[in-house]
Each structure stands twice: as structure tokens, then as C-alpha cells.
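**Q** Structure for the following, please:
(chains A and B)
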Amino acid sequence: MNSILFLDALGQFLQPDNLASVLVDGLAKAALYVMIAGGLTLIFGLMGVLNFAHGSLTMIGAYLGGLLMVLAVGQASGPGTRLLTFFLALAATFALLAGLGGAMEVTLIRRLYDRPPVYQILLTFGLTLILDELVRIVVLFYGLQPTSEWQAALGTKPGFLSSSVDLGIISVAGLDLFEIAVGALTVGALWAFLTRTRYGLIIRAGSEDAEMTEALGIDVRRVFTVVFALGAGVAGAAGVLLMWDASWGASVPLASHTLLPAFVVVIIGGLGTFRGTVVAAVIVGLTDAVMSWWFINEIDFAGLPQMTIFLILVVMLILRPQGLFGVEEVGGH
Amino acid sequence: MYTVLLNSPLSSEMATVLPDIETMITVLYFALFAMSFDFISGYTGYLSFGHAAFYGTGAYFVILTSNGKIPGLATGTPFMLMLVLAGLAAVVLALLIGAVSFRLSGVYFAMITLGFSQVLYVFIRGWDYAASNPRDGPAVLERTDPFSIGIPGVDSLNLAIGQLAGDEVEGLLGVLNFGTTEVSYYMVGLVVLVCYFAMQRIIHSPFGKVMVAIRENEERAEAIGYNTFWYKLGAFGVSAFFAAVAGGLFAGFQRSVSPESTFYFTVAGDALLASIIGGFGTLAGPLYGYLFDESVTEFLSKSGEGGGLLPYLRDHLGEGTLSTEVFNGLTVQEGIDTFLNGHAELYVGAVFILFVLFVPNGLLGTVRDRLGGHVGKQVAARLRGDER
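**A** Numbers count the residues shown, from 1 in each chain, chains lettered A, B, ... in the order given. Prediction:
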């Protein structure tokens, strides 16, 4: 690559409209990252359980969301009811996944709290195998994919998701705006729930000192179940978002494709800090958008955009092993 | 043994339950990889989640060398030499990765090694020097003769391995006749056995004792005066060496590799499964673990010729039973096909969870607990009738 071309490219990159669209793209990516990593960091930060099955929950959320859309939104008539059922389906996915997460905690994970943390990694790793394979059986059996009927699910999304909005110098895809909105809403809601409500206070107390909280007459076990359910619910909602996004889509390998970025974001932010995860998601999202622009427009190496996120991780861990906002190493080996 | 069981009155049941010899070759080289994973993770306690990087390095090294793509190495390099060089390449890689990663511990260590292996995975998937279609991975193109295991330069001691082509041995010691697959089985087994003894030797050396000390209490090991960083790095390098040898055996036997089967993190995940099921921190455990894993997989999902539950049920259940409706138009036949064809992961996952919950020490670990020590020693002691 010679330097004149590089300067040209730099000039083109720094055009205001281009910069703005990269920024929006980056924020939309950040919103997705915060959604897929949010539940993970919640579960790890409050319970110390590194949930390997998180990606599978996201993947199930994607399928479940699509299924509900076909069942509910497909039946509805009129744009108003369609929009309403769209949000109902989103909420229902959240609720169902929360239920699944709660059930997982009660039946399996609860048994392992008094063992070394590595056993929780192992158990949830086993869970991903089971969940992925079950979904694969269901998908195969009902012929969900890659048949044209499944495309019907994508057809049920409200109009604003496929249109674009004019914002002065650039036009923004409605999907990007929706992703940013949902991401911001989720972060706000979780933050408010944890810091502004009584139950959030109990959750934080339970994670700080389980014994003392128990002594105060609070059932810590139930608190942990709620946290796990909440994390799983967020994962499910993330899945619904990913389903609409052309660069992700619903598929069984989605489980591992989302799990790894989720881990990376959580680690860059510092294990166990929610604030760190949000900041890390923004950093990773923006870097990803900038890198994608460069590698699609200027440098020809197909693998690099996918490598960026892991390169950020490696650089981050070399410079600051505990992550951006991490205080000390959590968990043992 | 296998033949005896197959010719027994229960032959069709035995064919259903026992793994066949191709599977056993897979079990051998993958078990070596799982052992190398256990060597670092089970003995020092540092969970190396990106261990697939070294397996992949070994596999790609062998394929690239035999395609003449590694500068300075001819296409006709003896296979054994390739394995050693691949191992050394992996050691270099391990020292680089380890130098950064061992500043961390616990979950962070697992994650950064995972990160490194994913970087390599994505890189190899996009690197068109390695293969014309890097996503599918390279195959051996330049070299037509099968890879041989033995002493380089001494032809009479070399025997070729290969999935489709290898040596046959007729009339060894006047009685033994081996087909090509059997030769591959014994030769791969030989390398794996040598590697196993080498790792075993290291673990029982003072170096190995320090590794265990790091696992049990790193601060205390440091307080005694050991520089634990160098010990961890050394152990990581040794482990990477054997992981690469395992990858090389895989490449040599299959003659083609893909990024998914070598560098992807689920490969390390399989090694993890094998180690846990077999017994974490017991070097031989992963072999039994992977054998168990692979037997379950094959028993439950083998759809092809001979062996496995699916053909067995197809053959032995009557036509009437097969077409019976169970539920909502689902016949038994369809049910068997749906749940048994290629979905062994489901059952392996379930078995794995049961192991984590109820048999945390794994197969070998539990047996050792029961016997109160190493199996070989205990059995020998009991046979001799020693008082304990």
C-alpha cells in the first residue's frame, strides 16, 4: 500500500458524512454487544458463575423470537396491532428465556456453588452441548431452516426496521436505530433495577456477603435464581435483535458466534463490573465499525474484521490484565 | 481381542457396542491431545482453553511441509522429523502466548488463551497461502506416498500410516497379519505411547512436583523459592509440544485438515470433555475419557455400515414396530432417525453434566480413589497379597 493512496483513504474516511455513518454503525454494534454481554456480566458479577451456556440462550432467543413473530405477528392485521404484537413477542421471548434460565439455576447450577468455580464453567459448557443439539433436532424435525417459511418470520418485522431514516447529512437504517434504542433501554433498565429498587439492593447485598444477607432473613438462593433468570432473559432479547440483523441471523452456530464476543466484551470491561461491560461494548463496537470500513474499502484481508475483537482483547490484557474497570481478579482456577 | 468378541455368539451386539478400528485410531491421537491439555490444565490448574492452537499448529505444519510450503523444508521430509519440528514450532508459539498469558490466572488465563487461539483460527481461515480455499483447509497435494512412522533413514523400521493408504504387514513373527488400518493403529499407538511415557516421566520428576505445587497453592510454591512463572511457562511449552505431535498424527493419518477440525475452540472443548470424564489431573484419564466419549458417540449416532445403535435397532425391530405411530404422526422409525442420527452431542453433553455433578474425579480418578492409589500399583500389590 503506498502512502498517497493511504492519505486519500484517510481523507475519505474523515468526511463528516462518512464519519457519522461509521459512528452510527459502531453504536448499533455496541448496542448488540452490550445486549449479548449484559446478561453474562450480570450473572458473573453478582454470582461469580461464568456461564458458558450464555451463547446458547441467545441462540434459543433468536429462534423463539422468530417463532413467536410468525405465530403472533403473522396473524395480526393492521400496522398498529402488528407493532403491538411485535413488542409482545419480544417481551414473551424475554419471559420464556428467563424461565428457562431460572429452571437451569434451580436444577443444576445451584448444586455447584460450594465447588471450585471451574466446575460451573464445565457444567455450563455441557449445557451448551445439550441445548445446541436439542435446538438442532427441533429445527431439523420441523424443517424450520433453511426453508422459505422461516423467511416469513423476517417478513413479519415492522416496517420501520427495514426502512431508513434521514438524519441531516446521513440516512440511518431503521434497524440500527432500533438496536441502539433497545440497547440503551436495556442498560438503563438494568442499571435502574440494580441501583434504584429494593430488590436490586437485595441482589447486590446477596452478592457482596451471602451469609450476612441470609442472616438478615433474606432468601439468597431465590435472589440468585432471579439474577440468573434476568441474565438469561437479556440473552434471549439479544437473540431477537440478532435475528433481524443481516450480519447475524438465527442459526445453531449463533451460540458460539455470540459467546466469544460476549466473553471478550466482559473481559475487556473487567470481570464483574456492569459499567465496564457497557464501556467495553462501546469501544469494541466503534473499533469494529472503523475496522470494517477500512478493511472493506482499503485493505484486502477478509479475516481481519473478525480478528479485531480478539486483537483488542489481547492488547487489553497485555496492558491492563484486570480489564478497564476490574478491581481484582475474580474467581480462582 | 476385538476379533474374538466379534466372532462370539453375541457378535451383532458386540459390533453395536464396540468402536471399530478407525475410531480407535482417532481415539489414540485425540487422546494424546487431551493428555497434553490435561498435562497443563490438570497438573498446574491453569485452564488452557485455547489449546487447539497447538493442535492446529502441528496439523498445519505437517500438511504445509508436505506441500513444500515451509521454507527450507523439502517435500520429502521424514514424517517423524516433521512431528518433532511441528512440536518445536508449537513450543515457540506456546512461549510467546505463555509469556503474556501467565501474567494472569484463573478465568482470565482461560479467556486470554481462548482469545489467542481464536485470533489464529480467524487468521488461518483467511490465509490463502495455506490452502487455495482457506476456509475448507489444505490437503496433502504434492506428496503421494503415505507418511511413515519409524526411524528416519532406516527403511526397514518404517511403517506407513494413512486413512486410505498405508503399509500391510504379512507374516510378522510367522503368525501376525495386519491390514493397512491395523498397521496405522499400532504405529499411531506407538507414538502416543512414547509421548505418554515422556509426559508421565516429566510429571513424576521434580519439575512435575512443582507443577502440582502450583496447582495446590501457588503462593506457597513461590514462597519456597520457586519462580513459578518459568515453571508454568516450561510446562506450557512441553504441553504444546505434545499437542502439536497429536495434531501432526491427525494430519498424517487424515491427509487433510480444516480450520474447524484444528484451530476452533470446540476442539479444545472436546479435550476438556475427555479430561473431565476420564479424570482431571490423571494423565492416562483423558484416554479413557475420550474412548468413552467416542464410544458413546459412535454407539448412539453411527448411521453407516456396521456398529452403532441405529442400524442395530433398524435391523432388529420388526417392520410393524417401526411403523407404529407414537405421537402425532411420528413413527418409531422417524423417532429413531430424529433422535439418534448424528445427535450424539446431546447425549455426550448429558453424560458430561452427570459426570460433573456426580463423578467429579472422572473415571480413572474415581477408580484410584476406590483402590487408594495408582491402579497398576494397587492391583499388583493385591495380587502379591501385600499387607497395606
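
**Q** host element of B:Phe236?
**A** helix B:228-254 (DSSP states H and E).

**Q** Then A:Ser171?
**A** strand A:170-173.

**Q** who are the neighbours of the helix or strand just after that strand, in terms of helices and strands?
**A** Remark: after strand A:170-173, the chain's next helix or strand is helix A:174-196, criterion DSSP H and E. Using 3 or more CB pairs under 8 Å, 6 or more residues apart in numbering or on different chains; DSSP states H and E, the elements in contact with helix A:174-196 are helix A:16-47, strand A:164-167, helix A:198-208, helix A:220-244, helix A:274-297. Quick note: C-beta positions are derived from backbone N, CA and C, even for glycine.

**Q** Would you mark the buried spots in helix A:174-196?
**A** A:174-180, A:182-183, A:186-187, A:190, A:194 (16 or more other CB atoms under 10 Å in any protein chain shown).

**Q** I'd like the mean pLDDT over the strand holding A:Ser171, please.
**A** Throughout strand A:170-173, pLDDT has a mean value of 73.

**Q** what's next to it, contact-wise?
**A** With contact meaning CB atoms under 8 Å, 6 or more residues apart in numbering or on different chains, strand A:170-173 is reached by A:Asp17, A:Ala20, A:Ser21, A:Val24, A:Ala28, A:Ser164, A:Val165.

**Q** What pairs with that strand, parallel or antiparallel?
**A** Strand A:170-173 pairs in its sheet with strand A:164-167 (antiparallel), by DSSP bridges.

**Q** So for the partner strand, mean pLDDT?
**A** 70.

**Q** other SSEs contacting the helix or strand containing B:Glu294?
**A** Applying DSSP H and E as the criterion places B:Glu294 in helix B:285-301. If you count contacts as 3+ CB pairs under 8 Å, 6+ apart, helix B:285-301 packs onto helix B:11-17, helix B:21-44, helix B:265-278, helix B:309-316, helix B:344-358, helix B:362-371.

**Q** how far is that helix from where the chain is centred?
**A** 11 Å (CA atoms, centre = their mean, to the nearest Å).

**Q** Next, the angle helix B:362-371 makes with it.
**A** Interaxial angle of helix B:285-301 relative to helix B:362-371 (axes from the mean of the first three to the mean of the last three CA atoms, to 10 degrees): 120 degrees.

**Q** With distance to A:Ala238 as added columns, please give the buried residues of helix A:174-196 in CSV.
**A** Shown next, in CSV, are the buried residues of helix A:174-196 (distance: CB to CB, whole Å):
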residue, distance to A:Ala238
A:Gly174, 19
A:Leu175, 14
A:Asp176, 16
A:Leu177, 17
A:Phe178, 13
A:Glu179, 10
A:Ile180, 14
A:Val182, 9
A:Gly183, 9
A:Thr186, 8
A:Val187, 12
A:Leu190, 12
A:Leu194, 18
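
**Q** where's the dip in pLDDT among these?
**A** Lowest confidence among those: A:Gly174, with 75.

**Q** circling back to that earlier point, list the buried residues for the helix holding B:Phe236?
**A** B:228, B:231-254.

**Q** thinking again about what came up before, can you give the distance from the strand holding A:Ser171 to the centre of its chain?
**A** 23 Å.
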